[in-house]
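Q: sequence and predicted structure are below.
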Amino acid sequence: MNEANEKFLEKLISKFQIVAEFVEGHAWVKGHINDTYIVTCQQGGSPIRYILQRINHDVFHQPAVVMQNVKATTEHLRKKITEESSVDLTRRTMTLVPTRGGAPYYQDIKGNFWRTYVFIERVESSHVAENLNQAEQVGRAFGLFQKRLSDLPSEKIQETIPQFHNGALRLQALEQAINEDLHGRASKTQDEIDFCRKHKDIVHTFTSAINEGKLPVRITHNDTKIDNVLLDSESGEVMCIVDLDTVMPGLVHYDFGDMVRTLTSPADEDDRNLEKVTIRMEFFEALSNGYLSEAKSFLNETEKDYLAVSGKVITFQLGIRFLTDHLNGDLYFRAHRDEHNLDRARVQFKLVEKMIENEPAMKSLISSLS
């Protein structure tokens, strides 16, 4: 990073409650949405790192609401974790650094929204689950995350992306993208379009149970891919769940389904080798066992019954979103190569096929555990 950009970061970090001397800052290329920087400061002769992040207001149209949600969530989690144990507190939950005026974000003269977290040290993340213990740990972590938030008053958390999991609207957006075909990509994606139309009823899986009041709205993470779980570099233990921008009211199945999507297949989300895409049932069992060890105490019976099909629903919806974004010119998900979002969509659709094949076994397993 050149000197001018470092001066820019130094000026930005000075807006937050950090009593330390700026040393250096650099971009961190991670994630699809926000612009992220790692800033190192010196305090008492020791380096302290922070995450400085610009919220993408093209995706999150109400950044102030996002940050109020993050503030309420992190404060509640910190209180719960402190009641359990104060050991490694700054590594077990995200620590939001307020501005010098006490706000959870800083807005610059261009209207950009910035926030700062304490960098969590001695941790690592993965794109895929590497062993059964890791899958079980991640399942338990998100089950515990939901349980800790189960008594957070719902009025404190607002919807940050309206209709985020509305599958019917996702299908409508796809059809619009197909009809407009702004970038001339529809003809090359006919197989993927046909797949979406053939399996369109998947998006209505939860509809009847929701309408009958059998699936309650809870506070959920809504982006539970394994990348958002930080593991201790030495022990492999789950330390912290990150990326809280999509924490909002939702179904527990959105969280569990995304874990099934990211934990059970050995393939990366954007893998071009579709032969690698499969369901590892032993990983599904480990994930389910870990999740239900924490979550079954507050879930109702209908919620438990729908867990086995939640992966299919969430994976299909995400595939639709990737395909739609590809057709629209890669406006939402950051693309790092040609047809990157199309590759992502193809992996999701292949995974949906595998989930349909394994659905009877998945239902049987959930029933035995719950």
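A: Cool, the structure landed.
Q: separation between the residue positioned nearest the centre of the chain and residue 41?
A: Residue closest to the average C-alpha location in the chain (C-alpha atoms, centre = their mean): residue 223, at 2.1 Å. Per C-beta to C-beta, to the nearest Å, residue 223 is found 29 Å from residue 41. Just so you know, the C-beta spots here come from the backbone N, C-alpha and C atoms, and that holds for glycine as well.
Q: quick revisit: in this structure the residue nearest to the centre of the chain contacts residue 242, no?
A: No: in this structure residue 223 lies outside contact range of residue 242 using C-beta atoms under 8 Å: 9.7 Å.
Q: which elements pack onto the helix or strand containing residue 66?
A: If you go by DSSP states H and E, residue 66 is part of helix 63-84. Secondary-structure packing of helix 63-84 (3 or more C-beta pairs under 8 Å, 6 or more residues apart in numbering; DSSP states H and E): strand 46-55, helix 89-92, strand 96-97, strand 113-118, helix 132-149.
Q: for those, which has the smallest mean pLDDT value?
A: Among those, helix 89-92 carries the lowest mean pLDDT, at a mean of 89.
Q: contacts for that helix?
A: 78, 81, 82, 118, 120, 121, 122, 123, 232, 239, 240 (C-beta atoms under 8 Å, 6 or more residues apart in numbering).
Q: ok, the fifth one - contacts?
A: With contact set as C-beta under 8 Å, 6+ apart, residue 120 has these partners: 90, 91, 94, 230, 239, 240, 242.
Q: got it, and residue 20?
A: Residues in contact with residue 20 (C-beta under 8 Å, 6+ apart) are 41, 42, 43, 48.
Q: take these and keep only those in strands.
A: Using DSSP state E, the members of those that fall in strands are 41, 42, 43, 48.
Q: coming back round to it: who wins for most neighbours among the contacts of residue 20?
A: Tallying neighbours with other C-beta atoms under 10 Å puts residue 41 at the head of the contacts of residue 20, with 19 neighbours.
Q: now stretch 156-163: average pLDDT?
A: On average, stretch 156-163 scores 91.
Q: check stretch 179-186 too.
A: 97.
Q: list the contacts of that stretch.
A: 177, 178, 193, 326, 327, 328, 329, 342.
Q: so which two of those residues are the farthest from each other?
A: 193 and 329 (16.6 Å; C-beta to C-beta).
Q: looking at these two, which has the bigger crowd around it?
A: residue 193 (17 against 13).
Q: and the pLDDT for that one?
A: Looking at residue 193, its pLDDT reads 98.
Q: do the same with residue 324
A: For residue 324, pLDDT reads 98.
Q: residue 156 versus that one, what's the distance?
A: 32 Å.
Q: higher neighbour count, these two?
A: residue 324 (24 against 14).
Q: what is the residue nearest to residue 138 when sequence neighbours are not counted paired to in the beta sheet?
A: Among residues not flanking residue 138 along the chain, residue 229 sits closest, at 5.1 Å (C-beta to C-beta, 6 or more residues apart in numbering). Beta-bridge pairing for residue 229 (DSSP bridges): residue 241.
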